[in-house]
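S.K.: Here's my sequence, what's the structure:
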Amino acid sequence: MTIMEKGLASSTLARGHEGQFRRVLRRLLRTSNARLGLAIVITFLLVAILAPIVNPYDARRDLNLRERLNPPSAEHPFGTDDLGRDVLRRVVHGPRVSLRVAVLAVAISLVVGSLTGLIAGMIGGVLDSILMRLMDILLAFPYVLLAIALVAMLGPGLRNTMIAIGIVYIPPYARLARSMALSIREEDFVMAARSIGTGEMRILFTHILPNGLAPIIVQATLSMGTAVLDAAALGFLGLGQQPPFPEWGKMLVDSIQFILSGSWWVMLFPGLAIMLTVLGFNLLGDGLRDAMDPRLRL
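M.R.: The predicted model follows:
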């Protein structure tokens, strides 16, 4: 194949991927639930990015005991907490922690789990058995308890929370990627590539991985919502982001003792933020699953 022919082939392939991306995006935007989920996710992402720029916040200096547990008002739309801190301001700065944990934890599990599953499915044999039995051992533990145990061993903190959540999410990606590798490696185009002497690793990364990305992307999107929830759960137990920095789970646990006294706003707004974030990722993940399914024509 000449250089010109290679260039034409590459440009044709690029146009094909671009056309496929546009079709997926068009199908995604035709679904009302997916549009709502995308809007929620983008909103929280923008809040996480712009909040430190528009409204800088130093949690270590935020204290005003004279205004503690004030109900929502014009000055404090979400009220104040037990230390007189503005709940709205802390809720707005909360996505920086929750989304950072979700993105990095899912990135760890996606990369490690997908590579593990793809290699296990592609090579098979003893290596496949060893890797899958290891995944079975991880799946034997309730994932929240396993995350708690890992953070307890590593020590509380944001970085260790990301690592713990990333580790417990590895098995689903490994099993999904393995099933895709086992299915795709028997396709005709893989057999053709192998027949002309293409190496196994090249087949893995140029044929099997690109054709198995759709379910992995959907799984990652759905895992983002679950990771936000798990980060809040670890924060609720005091194992996540340490005070005084705002984190939605920690805000919830700090507000429990004030519910019976009528200070409902201290718990309501962080809880709503968690609920909306998880809902947004779940709706977006469901929409992506439908949009990337070639059997559906929205």
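S.K.: Geometric centre of the chain: which residue is closest?
M.R.: Residue closest to the average C-alpha location in the chain (C-alpha atoms, centre = their mean): residue 224, at 2.2 Å.
S.K.: dump the residue contacts of that one.
M.R.: By C-beta atoms under 8 Å, 6 or more residues apart in numbering, the residues touching residue 224 are 102, 103, 106, 281, 285. C-beta coordinates here come from the backbone N, C-alpha and C atoms, glycine included.
S.K.: does it sit in a helix or strand, and which one?
M.R.: Assigned by DSSP states H and E, residue 224 belongs to helix 213-236.
S.K.: per-residue confidence averaged over that helix?
M.R.: Helix 213-236 shows a mean pLDDT of 87.
S.K.: same question, stretch 194-208
M.R.: 80.
S.K.: For that stretch, which residues meet the burial criterion?
M.R.: Buried residues in stretch 194-208, defined by neighbour count with 16 or more other C-beta atoms under 10 Å: 203, 204, 207, 208.
S.K.: Pull the contacting residues for the last one.
M.R.: In other words, residue 208. Residue 208 neighbours (C-beta under 8 Å, 6+ apart): 118, 122, 180, 181, 184, 185, 190.
S.K.: at 7 Å instead, please
M.R.: Contact analysis of residue 208 by C-beta atoms under 7 Å, 6 or more residues apart in numbering lists 118, 122, 181, 184, 185, 190.
S.K.: Which one of those sits in the busiest neighbourhood?
M.R.: Per-residue neighbour counts (other C-beta atoms under 10 Å) across the contacts of residue 208 peak at residue 181, which has 26 neighbours.
S.K.: surely that residue meets residue 119?
M.R.: No - between residue 181 and residue 119 there is no contact under C-beta atoms under 7 Å: 8.2 Å.
S.K.: quick one on the thing from earlier: adding distance to residue 39, write the contacts of residue 208 out as JSON lines.
M.R.: Formatted as JSON lines, those follow (distance: C-beta to C-beta, whole Å):
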{"residue": "118", "distance to residue 39": "33"}
{"residue": "122", "distance to residue 39": "39"}
{"residue": "181", "distance to residue 39": "35"}
{"residue": "184", "distance to residue 39": "34"}
{"residue": "185", "distance to residue 39": "39"}
{"residue": "190", "distance to residue 39": "39"}
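S.K.: Can you add secondary structure and distance to residue 261 and give those back as a markdown table?
M.R.: As requested, the contacts of residue 208 are exported to a markdown table (DSSP: H, G, I helix; E, B strand; the rest coil; distance: C-beta to C-beta, whole Å):
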| residue | secondary structure | distance to residue 261 |
| --- | --- | --- |
| 118 | helix | 54 |
| 122 | helix | 60 |
| 181 | helix | 57 |
| 184 | helix | 59 |
| 185 | coil | 62 |
| 190 | helix | 65 |
